[in-house]
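[1] Sequence and computational prediction follow.
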Amino acid sequence: MISTEDRVTRKSVLRYHARQMDSCYGARMTGAGFGGCAVALVRSPDVESFAISVADCYERATSIRPDVSVWRAGCGATLLSPPEIAGLIAAAAAASTDLSHRFRRPVR
C-alpha cells in the first residue's frame, strides 16, 4: 500500500527535476487527493527533450514510467458565435465525441 506521503514524494521528484532544467520557467504540483500531477512551463524548442528527461528521472527514482502530456497555451477564453459553436459540435460529432454539453447558449 502506498501512503499519501509516498505519493507526495513521488510527485515532488517530477517538480524538483523540472525546476533544475534551464528550459523550465517554473513547475508545481497540482491536483487534489491521491494522484494529481506536476505542471511545468517550458521553453517551446526544448519541450520534447524536457519531457523525456523528466520522465526518465521519475522512472529511475520510482520504477514507474509516468504519462507525459504536452499542451500549448492558447489565447484564453473567448465568446464564440453560433456558427463557430455549430462548427465545433459538427467536428466533435465527426470525431465520435459529444462535446455539446460543454457549450452554453451564446450570450447576445
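    That came through, no problem.
[2] who's in contact with residue 77?
    Not one residue lies near residue 77 by CB atoms under 8 Å, 6 or more residues apart in numbering. In this view, the C-beta of every residue, glycine as well, is placed from N, C-alpha and C.
[3] Just the element for it, please.
    According to DSSP states H and E, residue 77 maps onto no helix or strand at all.
[4] how near is the one residue sitting closest to the centre of the chain to residue 84?
    Ranked by distance to the mean C-alpha position of the chain (CA atoms, centre = their mean), the top residue is residue 69 at 5.4 Å. For residue 69, the distance to residue 84 (CB to CB, to the nearest Å) stands at 26 Å.
[5] Same question for residue 90.
    From residue 90 to residue 84 the distance is 11 Å (CB to CB).
[6] likewise residue 49?
    36 Å.
[7] ditto for residue 31
    31 Å.
[8] can you give me the strands for this protein?
    Along the chain, counting by DSSP state E, strands occupy 24-30, 37-42.
[9] of all these, which lies closest to residue 76?
    strand 37-42 (15.3 Å; CB to CB).
[10] Please work out the average pLDDT along the closest one.
    Taken as a whole, strand 37-42 has a mean pLDDT of 88.
[11] Hmm, residue 68 is touching residue 51, no?
    Yes. Between residue 68 and residue 51 a contact is recorded at 4.6 Å, counting by CB atoms under 8 Å.
[12] Distance of residue 93 relative to residue 57?
    41 Å.
[13] more crowded one of the two?
    Using other CB atoms under 10 Å as the criterion, residue 93 and residue 57 rank with residue 57 on top: 18 against 12.
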